[in-house]
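S.K.: Let's see this in three dimensions:
(chains A and B)
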There are 2 protein chains.
Amino acid sequence: MSIIHEQAKVMKSLSPMIANLSLEVRNQILLAIHDALINNKERIFEANELDLKKAREDKLDDPVIKRLKFSEEKLKDVTGGLKGLIKLPDPLYVTSLERELSEGLKLVRKTCAIGVIGVIFESRPDALIQIAGLCIKSGNAAILKGGSEAYNSNKVIFEIMNEAAVKAGLPEGGIFLASTRSEIADLLECNEYVDLLIPRGSNAFVQYIMNNTQIPVMGHADGICHVYADKDADIDLAVKVIVDSKTQYVSVCNATETLLVHKDISKELLPILNEELLKKNVTVVGSREVMDIISCEEASEEDWKTEYLDYKISIKLVGSVDEAIEHINKYGSHHTDCIVTKCDETADHFMRYVDSAGVYRNCSTRFADGFRYGFGAEVGVSTGKLHARGPVGLEGLVTYKYMLTGDGHIVADFAEGKKTFIHDR
Amino acid sequence: MSIIHEQAKVMKSLSPMIANLSLEVRNQILLAIHDALINNKERIFEANELDLKKAREDKLDDPVIKRLKFSEEKLKDVTGGLKGLIKLPDPLYVTSLERELSEGLKLVRKTCAIGVIGVIFESRPDALIQIAGLCIKSGNAAILKGGSEAYNSNKVIFEIMNEAAVKAGLPEGGIFLASTRSEIADLLECNEYVDLLIPRGSNAFVQYIMNNTQIPVMGHADGICHVYADKDADIDLAVKVIVDSKTQYVSVCNATETLLVHKDISKELLPILNEELLKKNVTVVGSREVMDIISCEEASEEDWKTEYLDYKISIKLVGSVDEAIEHINKYGSHHTDCIVTKCDETADHFMRYVDSAGVYRNCSTRFADGFRYGFGAEVGVSTGKLHARGPVGLEGLVTYKYMLTGDGHIVADFAEGKKTFIHDR
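M.R.: Down below sits the predicted model:
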């Protein structure tokens, strides 16, 4: 049995206890982690320096190094996040259905923890804290595997968190840090003990995980987000929303990759927009019709399927909102898509027919985020349709159970017509 | 491209239309199907006779033939079910979250259809009607594949349903019947167009589907249900509940397979219970301690893991409610488990710590069913923890989307501190 396997087995047996820690205890654990991280920040910064040194030696990309760096500011953000998490209402034992099936036979459906969750995340050490916090608040045991670039940072952060959490009431072994890459393969084998895997990373990585485990996977894939500027768009508002959606932070999944413009406003909108995009050094590729209006390279079929994650945008003209919807449903990744329009009817149509987790009107696609939605934190953004969709916070980390209480009620009485269900009367 | 592939592609393009049919139209479609089935019942009975004849020639088991038979009574049940479905509230565009993120930036989360669903079900022709009805009411397009034993019945039922549905407003191609076994393999390849697969059948079959497709699968596995008779159980009530849970209908997933009895009441309960079970021809296997009290064969380790689906029960003594919980969480299939006790505290502990879709007190495990829960119908009972758990009705066939409406809101304003989120203040 691998270490992960042993650990997962212990976690599974602990999970009913963790799932039933009172809200008070769960919040105390979060507060203890919060305090311990602040009190031991120098240890974390030291360990983080080791990772940064190695990253520079290995000549990793600047964005990676930026994400890897655990600064005073990131500590402030992430501990602030923990405080926010403490303030959020309890996601457990929330009643979502209550019904008397027959005299004295009462059905109640309540939320409960999922059990044991495995999260595989990228090289941000602050992600470790966020994810552990979400799992603890939702009563789940968690096996956490961070990026190898953050090995030293994660190790020290985990030690600090775990010590504080156990002192505050988390059963020992309720959270576990996997540190080697080979442990991912071990984790995938733990279907007997692990209830859910959440891999964060590229589409290919998520797909790899899905194809190599029998554990249910909540995938958080990439984002090809669109803005559609309708014929009834306010031009200034459209420019503002498009520029923000594209450039506010280019390397994230909720940044816009493709702009669709209604033919009727294209000659007015595109020149103004292009000027603003040029100021931000955005490269434009466009369909032939776009090239007739502004100077840009021609977009290929491949462009409509590409998540640039860069200062680059593809632009296409469409003849109607339905054509825009069709393009988005065909080429998009069902993440977040926005219409800019003054017309309520067109907006309603777009928001109903676009098959995405987020359908927006007159605002930036960059809002698609658990923090901005007020969820306190997120484990990621789901482009799948099952269980949780869009930014996934505490609600995505719980399931529910049906609790039925009777007084000797048996089905034979109903089958024989001696009793009837209230909902059938 | 296979027929299924072509069909799924058409369905995918139709799915936004189907998802946005008004409640009125969806209910009209259900009513039209209801009427058409009744008006054409003789055609169905004739086709069903062909299937029954073949089944008898092939010497299929009696229970299979019983399920296959589409009688006047089954027609009444299933058309009654359609009427019930019509009366149920609209599962679509139900608001589950409403929040102003910042002045003028309004977030709403509403339920919506999943899109294209593939359901592979067993040889009951009435299942075809139920499942199609659920998909239509929830605004989903559906590819349906029934058991080959019901080939003729399904073909005629589908023709009748489809003709009536299209006349009443369902886009042509919104439901499709796959009729050959090879089409299952084709269906598994349609990940580009099919959003969800619901295989009904054995655990092995569900697992096979999961391992051979990239489409998300909602699995409906088998059930090893337990009754635990606590030391504070009312003996008569316990006997009544156990006998019903075991014998009311043995070949279904919510029938009880294992009984756990607290040592303190075992000598009183077991002899009385055994007498009742004998009357119903139930074979008992038990642990050594059980054998000391009543005459029975010894249960092996394998018995605790076995779903008999027959007049057979395994019995074990336990020393505490926690021992019962441990056994259930270890050997059960997380379907439905019941405690019989007069003690509120023990019941609450059991219902919290048992990790199952249904946790019952003082009533038969046989109540675990979408009809009995008042869901109108069910596509099955889920023992998974993601998306839908327990009996799955309309709620399990919808997802949700986040609708965000602003007035030119951009993330840059928040990043630069010019604006703040209401939930952060």
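S.K.: and the gap between the residue positioned nearest the centre of chain A and A:Asn254?
M.R.: Central residue of chain A (Cα atoms, centre = their mean): A:Gly380, 1.7 Å from the mean position. A:Gly380 sits 11 Å away from A:Asn254, going by Cβ to Cβ, to the nearest Å. The way it works is simple: take the backbone N, C-alpha and C, and place the C-beta from them, glycine included.
S.K.: circling back to that earlier point, read off the pLDDT value for the residue nearest to the centre of chain A.
M.R.: What the model reports as pLDDT for A:Gly380 is 85.
S.K.: Provide a list of residues in contact with it.
M.R.: Residues counted as contacts of A:Gly380 (Cβ atoms under 8 Å, 6 or more residues apart in numbering or on different chains) are A:Ile198, A:Arg200, A:Met218, A:His220, A:Pro391, A:Val392.
S.K.: separation between A:Thr399 and A:Lys110?
M.R.: 10 Å.
S.K.: So in chain A, which strand runs the longest?
M.R.: Criterion DSSP state E: the longest strand present in chain A is strand A:398-409.
S.K.: buried set for that strand?
M.R.: Buried residues in strand A:398-409, defined by neighbour count with 16 or more other Cβ atoms under 10 Å in any protein chain shown: A:Val398, A:Thr399, A:Tyr400, A:Lys401, A:Tyr402, A:Met403, A:Leu404, A:Thr405, A:Gly406, A:Gly408, A:His409.
S.K.: what's the most distant pair in the residues you listed?
M.R.: Maximum pairwise distance among the buried residues of strand A:398-409 (Cβ to Cβ): 31.6 Å, between A:Val398 and A:Gly408.
S.K.: what about the residue lying closest to A:Tyr400 once chain neighbours are set aside, is that helix, strand or coil?
M.R.: For A:Tyr400, ignoring the flanking residues on the chain, the nearest one in space by Cβ to Cβ, 6 or more residues apart in numbering or on different chains is A:Thr111 at 4.9 Å. Classification of A:Thr111 using DSSP: H, G, I helix; E, B strand; the rest coil returns strand.
S.K.: Same check on A:Ser314?
M.R.: Classified using three-state DSSP, A:Ser314 is strand.
S.K.: Now do the contacts for it.
M.R.: Contacts of A:Ser314 by Cβ under 8 Å, 6+ apart are A:Glu257, A:Thr258, A:Leu259, A:Val284, A:Val285, A:Gly286, A:Ala299, A:Asp303, A:Trp304, A:Thr306.
S.K.: what's the angle between the helix or strand of chain A with the lowest mean pLDDT and helix B:203-211?
M.R.: Counting by mean pLDDT, DSSP states H and E, chain A has its least confident helix or strand at helix A:203-211, which shows a mean of 84. Here helix A:203-211 runs at an angle of 170 degrees relative to helix B:203-211 (axes from the mean of the first three to the mean of the last three Cα atoms, to 10 degrees).
S.K.: Now tell me what touches helix A:203-211 from outside.
M.R.: By Cβ under 8 Å, 6+ apart, helix A:203-211 touches A:Ile120, A:Leu188, A:Leu197, A:Pro199, A:Val217, A:Gly219, A:His220, A:Ala221, A:Asp222, B:Gln214.
S.K.: Keep only those of those that are in helices.
M.R.: Secondary structure from DSSP state H places A:Leu188 of the contacts of helix A:203-211 in helices.
S.K.: B:Thr341: which of the contacts of helix A:203-211 is nearest?
M.R.: A:Leu197 (36.4 Å).
S.K.: got the residues of the stretch 1-150 of chain A near chain B?
M.R.: Contact residues (Cβ under 8 Å from any Cβ of the partner chain) of the stretch 1-150 of chain A with chain B: A:13, A:15-16, A:19-20, A:99, A:101, A:105, A:107, A:109, A:112, A:114-115.
S.K.: does stretch A:187-200 come close to chain B?
M.R.: Yes: Stretch A:187-200 is in contact with chain B by Cβ under 8 Å from any Cβ, via A:Asp195, A:Leu196.
S.K.: Do a quick rundown of the helices in the stretch 251-400 of chain A.
M.R.: All helices of the stretch 251-400 of chain A, identified by DSSP state H, counting those that start in this stretch, fall at A:263-279, A:288-291, A:321-331, A:344-353.
S.K.: who are the neighbours of the last one, in terms of helices and strands?
M.R.: The contact analysis (3 or more Cβ pairs under 8 Å, 6 or more residues apart in numbering or on different chains; DSSP states H and E) places helix A:344-353 against helix A:321-331, strand A:336-340, strand A:358-363, helix B:3-19, strand B:398-409.
S.K.: what pairs with the last one, and is each one parallel or antiparallel?
M.R.: As defined by DSSP bridges, the strand partners of strand B:398-409 come to strand A:358-363 (parallel), strand B:105-113 (antiparallel).
S.K.: A:Asp303 contacts A:Val285, doesn't it?
M.R.: Yes: at 5.5 Å, A:Asp303 counts as touching A:Val285 under the criterion of Cβ atoms under 8 Å.
S.K.: Can you pull the phi/psi pair for A:Thr95?
M.R.: Note on A:Thr95: backbone dihedrals following degrees, to the nearest 10 are phi -80, psi 120.
S.K.: Show me the beta-bridge partners of it.
M.R.: Going by DSSP bridges, A:Thr95 is paired in beta bridges with A:Lys110.
S.K.: and it, how far is that from B:Val243?
M.R.: Distance from A:Thr95 to B:Val243, by Cβ to Cβ: 31 Å.
S.K.: give me the element the closest residue to A:Leu273 other than its chain neighbours is part of.
M.R.: Leaving aside its chain neighbours, A:Leu273 sits nearest to A:Val239 (5.1 Å; criterion: Cβ to Cβ, 6+ apart). Using DSSP states H and E, A:Val239 sits in helix A:235-247.
S.K.: returning to that earlier point: now, of the strands paired with strand B:398-409, which is deepest in the fold?
M.R.: Highest mean neighbour count among these (mean count of other Cβ atoms under 10 Å in any protein chain shown): strand A:358-363, with a mean of 27.
S.K.: Pull the distance from that one to the chain's centre.
M.R.: 18 Å (Cα atoms, centre = their mean, to the nearest Å).
S.K.: what's the answer for stretch A:335-344, then?
M.R.: That offset, for stretch A:335-344, works out to 22 Å (Cα atoms, centre = their mean).
S.K.: Quick check: the residue of the stretch 201-350 of chain A nearest chain B.
M.R.: Chain B sits closest to A:Asp244 of the stretch 201-350 of chain A, with a gap of 3.5 Å, by Cβ to the nearest Cβ.
S.K.: Can you name the next helix or strand after the longest strand of chain A?
M.R.: helix A:411-415.
S.K.: CA atoms of that following helix as CSV?
M.R.: Provided in CSV are the C-alpha atoms of helix A:411-415 (Å, rounded to 0.1, in the frame of the first residue of the first chain):
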residue,chain,number,x,y,z
VAL,A,411,-44.2,0.1,2.0
ALA,A,412,-46.6,-2.9,2.1
ASP,A,413,-49.3,-0.7,3.6
PHE,A,414,-49.1,1.7,0.6
ALA,A,415,-48.8,-1.2,-1.9
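S.K.: Please see if that helix touches chain B.
M.R.: Yes: judged by Cβ under 8 Å from any Cβ, helix A:411-415 and chain B are in contact via A:Val411, A:Ala412, A:Phe414, A:Ala415.
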